[in-house]
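Student: everything below, folded, please.
(one chain, ligands or ions: 1)
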Amino acid sequence: MKTAIIFCALFAVTFAAVRPVPFDLNYYFETVEYNPKVITAPARRNTDRIIGGENDVKGEHPYQISLQRKNSSQPCLFHHICGGSIINQQHILTAAHCVDSGKVSDFRVVAGEYDLSRNENTEQIIPVIKLIIRSDWNLTTLNNDIAVVKLASKLTYNSYVAPIALASVTPPTNTASQVVGWGLTNYVRKTRPNILQVLDVKRTSDSDAAAISSKYNNFTQVAATTNIFCEGLCKNDSGGPLVFKQNNQYLQYGVVSYGLLPCGLYPADFYARVSSFKAWIEDNSRI
Ligand SMILES: [Ca+2]
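Tutor: Numbering: from 1, shown residues only. Below you'll find the model as predicted:
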């Protein structure tokens, strides 16, 4: 009990000292460093994934894409920066902060991806021709973190490449959900996975979310948690879809937006709330 009390006190102090920040913004990750005692606290699992997730089953989430950007020092190479989801054959849903800098030609989308380290003959690599970012996306409030990416040509649907349906209504608190991504699997060592990771989460109540993040807006954001210490999202998971199953069909109700540092140590991660933007997404993804 004494240990638990000491731990909770430490957690509360560090929690108050850390701001919520969007994933994938390197300068935030490099400037907000911090209590190494918390970082090295033992994990409840012996895995070192998503953070705390596991390898996905290839083809289980065929709507997931890898949004990639040209390497500034090696402009012929692209690297994974964010996730995203297939809305239709020519449009991808992602987070605004993934695409709010740089040129359209800096980006490409890889659908049918699973193992980033090798060619599996299921990948469809398509250039981007348009970035449609919410005009009210606000880096300070972290609200309206939504963008639609238009592809230069149409995807071909198959077992590994397929669209996701958007939820009209955000599911109730505690709804069993999933999120997938190629984000860091270890924040301290900056470990990057090759295999797509999947994490089981559940929706957090608006009141709990507001208590965790001062940035929380229950109209533009929704939160989810694993309730297990040392599990959660991390850098390069941004833009990916938060989904739940209804009538055996996946429905997307969140877009990975931001978390608290270091990854995995806070009781929720935060997503743009799809139901609040559904009409805008549909208006901006017409073929
Ligand atoms: Ca591959």
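
Student: got the contact list for the residue of the stretch 151-287 of the chain found nearest the ion?
Tutor: Residue nearest to the ion within the stretch 151-287 of the chain: Asn194 (8.1 Å; CB to the ion). Glycine gets a C-beta too; all of them are placed from N, C-alpha and C. Contacts for Asn194 were tallied using CB atoms under 8 Å, 6 or more residues apart in numbering; they are 115-118, 182.

Student: try 10 Å this time
Tutor: Contacts for Asn194 (CB atoms under 10 Å, 6 or more residues apart in numbering) come out as 55, 80, 114-118, 182.

Student: try Phe219
Tutor: 143-144, 206, 273, 275-276.

Student: shaky segments in this structure?
Tutor: Within the chain, the segments meeting pLDDT under 70 span 1-49.

Student: helices of that one, start to end?
Tutor: 2-17, 26-31, 36-39, 96-99, 206-212, 274-283 (DSSP state H).

Student: hang on, the earlier thing: ranking by neighbours, what's the top pick from the contacts of Phe219?
Tutor: Counting neighbours by other CB atoms under 10 Å, Arg273 leads the contacts of Phe219 with 25 neighbours.

Student: what pairs with that residue across the strands?
Tutor: Gly254 (DSSP bridges).

Student: that one and Gln221 touch, don't they?
Tutor: Yes. With contact defined as CB atoms under 10 Å, Arg273 reaches Gln221; the gap is 5.6 Å.

Student: excluding chain neighbours, what is closest to the residue of the stretch 151-287 of the chain closest to the ion?
Tutor: Distances taken as CB to CB, 6 or more residues apart in numbering put Ser117 closest to Asn194, at 4.0 Å, once the chain neighbours are dropped.

Student: ok, now which ones touch that neighbour?
Tutor: Contacts of Ser117 (CB under 10 Å, 6+ apart): 192-195.

Student: need the contacts of Phe219 in JSON lines with distance to Ile125, can you?
Tutor: Formatted as JSON lines, the contacts of Phe219 follow (distance: CB to CB, whole Å):
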{"residue": "Asn143", "distance to Ile125": "32"}
{"residue": "Asn144", "distance to Ile125": "29"}
{"residue": "Asp206", "distance to Ile125": "39"}
{"residue": "Arg273", "distance to Ile125": "30"}
{"residue": "Ser275", "distance to Ile125": "31"}
{"residue": "Ser276", "distance to Ile125": "32"}
